[in-house]
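K.L.:
Fold the following and give me the result.
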Amino acid sequence: MKKLMIPTLALLFFGCDKEDVKNDTSSESAIDALVEYVTVSKIFQDVGNNNGDVLLTAEDETTGSQAKSIETTSENLDITISPADLSTFPKTITVDFGTGVLGKDGVTRKGIVTIVSTNWYGQPDSEHTATFTDYYHNEYKVEGTHVVKNLGENGDGNLEYSVVIEDGKITTQAGAVIEYQENSTRTWIAGNDTPLYIWDDEYLLDGSQNGTSSAGLDYTLTVEDPLHFVLYPRNIESGILDMDIADIKDIKVDYTNSTITILGTAYPFTK
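P.N.:
Numbers count the residues shown, from 1 in each chain. Now for the predicted structure:
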């Protein structure tokens, strides 16, 4: 759906009166920044999903049941747990994708993700800090620090996790660099009864994200109404996202009503 949203926004920006696009920020640069944001956000959401999957798999392997998740079933994927017992923490979990592992979602991941955990993923107050060594999501190099903390169950009995991404950076194959930060809360609302199978997972995302495009344009995104993510097929079912891109302010993407509001005018888009 996000891919459908981008050309729609492009048409809307290019159709705006130039007087409405203030200062020297071109609508074309804003569109480029938005396209980059969609890419970087998708990659870091994927990192969060797969790190959680790996942590659950590591716990399962440590207990001796040896069940593998759908994402990590591959002879090319090497997961190392140290110390390799059930109760000693912190643990360092190293995930080596080698020269490339193709996932069910069509993404090839390569390189190393290192996760330091203070307890198992499902335990309240546990923290999981991930860093990257020559790690790639398809052709994009991923850098930064990704920290997840288990906040326990909310009033509805769903697990909540805080997600903080610092010094996030994506480098494209052409060498363009996109910077990204995130401070959000993920609520796990479906699929928690099948923890070793991530593709039936659904979650709500709340919080804020910001960064700088490869052209130097700053962008800020704030969730007005929690975004409802479905992992497979990947989609955003509902929620409202507010965006500011450089000098273009108050872009509102309403996934519930399938509308984009730009400069006070609402336009429909197709999910």
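
K.L.:
Bridged to T80, which residues?
P.N.:
Assessed by DSSP bridges, T80 has beta-bridge partners T94.

K.L.:
That one: neighbour count?
P.N.:
Number of residues near T80 (other Cβ atoms under 10 Å) recorded here: 13. Quick note: C-beta positions are derived from backbone N, CA and C, even for glycine.

K.L.:
again, but for T265
P.N.:
Neighbours of T265 using other Cβ under 10 Å come to 11.

K.L.:
show me what contacts it?
P.N.:
For T265, no residue meets the contact criterion (Cβ atoms under 8 Å, 6 or more residues apart in numbering).

K.L.:
tell me the pLDDT at it?
P.N.:
Looking at T265, its pLDDT is 83.

K.L.:
Any idea what it is bridged to?
P.N.:
Note on T265: beta-bridge partners by DSSP bridges are I262.

K.L.:
what's near enough to touch the closest residue to G211 other than its chain neighbours?
P.N.:
In space, and not counting its chain neighbours, G211 is closest to Y180: 4.1 Å by Cβ to Cβ, 6 or more residues apart in numbering. Counting by Cβ under 8 Å, 6+ apart, Y180 makes contact with V40, S41, F44, G144, I165, G168, K169, I170, Q209, N210, G211.

K.L.:
hmm, 7 Å instead?
P.N.:
Counting by Cβ atoms under 7 Å, 6 or more residues apart in numbering, Y180 makes contact with V40, F44, I165, G168, K169, I170, G211.

K.L.:
Could you tell me how far it is located from K91?
P.N.:
Distance of Y180 to K91, computed by Cβ to Cβ, to the nearest Å: 27 Å.

K.L.:
Show me where this protein has its strands.
P.N.:
In the chain, the segments counted as strands under DSSP state E are 78-82, 91-96, 101-102, 108-117, 127-137, 140-153, 159-171, 177-190, 202-212, 218-230, 235-245, 248-254, 259-262, 265-268.

K.L.:
If you count contacts, what does the third one end up packed against?
P.N.:
Meaning strand 101-102. Counting contacts by 3 or more Cβ pairs under 7 Å, 6 or more residues apart in numbering; DSSP states H and E, strand 101-102 is packed against strand 108-117.

K.L.:
what's the angle from the strand it packs on to strand 140-153?
P.N.:
Per axes from the mean of the first three to the mean of the last three Cα atoms, to 10 degrees, the angle that strand 108-117 makes with strand 140-153 is 40 degrees.

K.L.:
Can you mark which positions in strand 108-117 are buried?
P.N.:
R109, K110, G111, I112, V113, T114, I115, S117 (16 or more other Cβ atoms under 10 Å).

K.L.:
for the chain, which helix is longest?
P.N.:
The single longest helix within the chain, with elements called by DSSP state H, is helix 27-63.

K.L.:
Any figure for the gap between the residue nearest to G211 and V164?
P.N.:
For Y180, the distance to V164 - Cβ to Cβ - is 12 Å.

K.L.:
Show me where the stretch 151-271 of the chain dips below the pLDDT cut-off.
P.N.:
Applying pLDDT under 70 to the stretch 151-271 of the chain flags residues 196, 271.

K.L.:
Just give the nearest non-adjacent residue to the residue nearest the centre of the chain, would you?
P.N.:
A centroid search over the chain (Cα atoms, centre = their mean) returns Q45, at 1.3 Å, as the residue closest to the centre. Nearest non-adjacent residue to Q45, counting by Cβ to Cβ, 6+ apart: F229, 7.4 Å away.

K.L.:
Quick check: beta-bridge partners of the one you found?
P.N.:
Beta-bridge partners recorded for F229 (DSSP bridges): Y203, I236.

K.L.:
Identify the residues contacting it.
P.N.:
E202, Y203, L205, I236.

K.L.:
Neighbour-wise, which one of the residues you listed leads?
P.N.:
Y203 (26 neighbours).

K.L.:
Does that one touch T187 like I think?
P.N.:
Yes - counting by Cβ atoms under 7 Å, Y203 touches T187, with 5.9 Å between them.

K.L.:
sorry, back to before: in CSV: the strands of the chain, plus distance to N50.
P.N.:
CSV is the format used below for the strands of the chain (distance: least, Cβ to Cβ, whole Å):
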stretch, distance to N50
strand 78-82, 12
strand 91-96, 8
strand 101-102, 10
strand 108-117, 7
strand 127-137, 10
strand 140-153, 11
strand 159-171, 13
strand 177-190, 14
strand 202-212, 14
strand 218-230, 14
strand 235-245, 18
strand 248-254, 25
strand 259-262, 30
strand 265-268, 33
